[in-house]
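Colleague: output the structure for:
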Amino acid sequence: NNKYGGDAKCSTSHITQEELEKAFVSVMQKVIAEKDAIFTVCREVLDEVLDTSELDRIATRLQDQALGMAERVRKLVEENARVRRDQEEYQREYEALATEHEKLSEKTRSVEEQKKDKADRRRRIEVFLCMMEEQTEYLGFDPYTFVVLVDRVVVRQGRRLEFIFRNGMKYEYIIAD
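Modeller: The predicted structure follows:
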């Protein structure tokens, strides 16, 4: 999309819509021929790599720690209101708890981001598998299938196209001159 944008022009060759469509049909025929192996690998990825149960346990533990931390802060504030104490010492304790709480919050955010990333990747693979399940042969270009299955196409030197599918697979196609 940015081939002609900016000062440095992209030096890759021009690819026509027709060439792109023909390449996609050819790549899809390869994908369908390897469908069973692709399904096996994708299911393994879904079951093992994208499982969030360990992250769920970590998130629960962090939430429990955060609740404990909030309780400690509450008690510290209550004690400071009831008992006369050195305010510098109180402030140091309060700041230490606040710093600890911020670290817990950052860890929690990180775990939640990891869970979201895995859920997004899982959804992309499931959509890919659902779409592929319907495919028995691929004879002509279908824009809907292209949009649903392909994340992006990279045009390389030598009129090579790299199709990067939404499930992470990559296929290369070389356009004959």
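
Colleague: just the buried residues of the worst-scoring helix or strand of the chain on mean pLDDT, please?
Modeller: Ranking every helix and strand in the chain by mean pLDDT, DSSP states H and E puts helix 35-44 at the bottom, with a mean of 87. By 16 or more other C-beta atoms under 10 Å, the buried positions in helix 35-44 come out as Ile38, Cys42. C-beta here means a position set from N, CA and C on the backbone, and glycine is covered the same way.

Colleague: not counting its own residues, what contacts it?
Modeller: Val31, Ile125, Phe128, Leu129, Met132, Gln135, Asn167, Met169 (C-beta atoms under 8 Å, 6 or more residues apart in numbering).

Colleague: if you set the cut-off to 6 Å instead, what comes out?
Modeller: Here helix 35-44 makes contact (C-beta atoms under 6 Å, 6 or more residues apart in numbering) with Ile125, Leu129, Asn167.

Colleague: got it, and stretch 144-157?
Modeller: Everything outside stretch 144-157 that qualifies as a contact, by C-beta under 6 Å, 6+ apart, is Thr12, Ile15, Phe24, Met131, Leu161, Glu162, Phe163, Ile164, Phe165, Arg166.

Colleague: so the last one makes contact with Phe128?
Modeller: Read it as Arg166. Yes: at 5.3 Å, Arg166 counts as touching Phe128 under the criterion of C-beta atoms under 6 Å.

Colleague: more crowded one of those two?
Modeller: Phe128 (23 against 18; other C-beta atoms under 10 Å).

Colleague: which strand or helix spans that one?
Modeller: If you go by DSSP states H and E, Phe128 is part of helix 87-133.

Colleague: swap in Val147?
Modeller: Assigned by DSSP H and E, Val147 falls in helix 143-149.

Colleague: average pLDDT for that helix?
Modeller: Helix 143-149 shows a mean pLDDT of 90.

Colleague: in the next helix or strand after that helix, what's buried?
Modeller: Next helix or strand after helix 143-149 toward the C-terminus (DSSP H and E): strand 150-156. Neighbour counts over strand 150-156 (16+ other C-beta under 10 Å) mark Val150, Val153, Val155 as buried.

Colleague: point out where this structure drops to low pLDDT.
Modeller: 1-6, 9-12 (pLDDT under 70).

Colleague: in it, which residue is most central in space?
Modeller: A centroid search over the chain (C-alpha atoms, centre = their mean) returns Asp117, at 3.9 Å, as the residue closest to the centre.

Colleague: can you give me the offset of stretch 63-83 from its chain's centre?
Modeller: Distance of stretch 63-83 from its chain centroid, counting by C-alpha atoms, centre = their mean, to the nearest Å, is 37 Å.

Colleague: I meant to write stretch 167-177 there.
Modeller: Centroid separation for stretch 167-177 versus its chain: 22 Å, with C-alpha atoms, centre = their mean.
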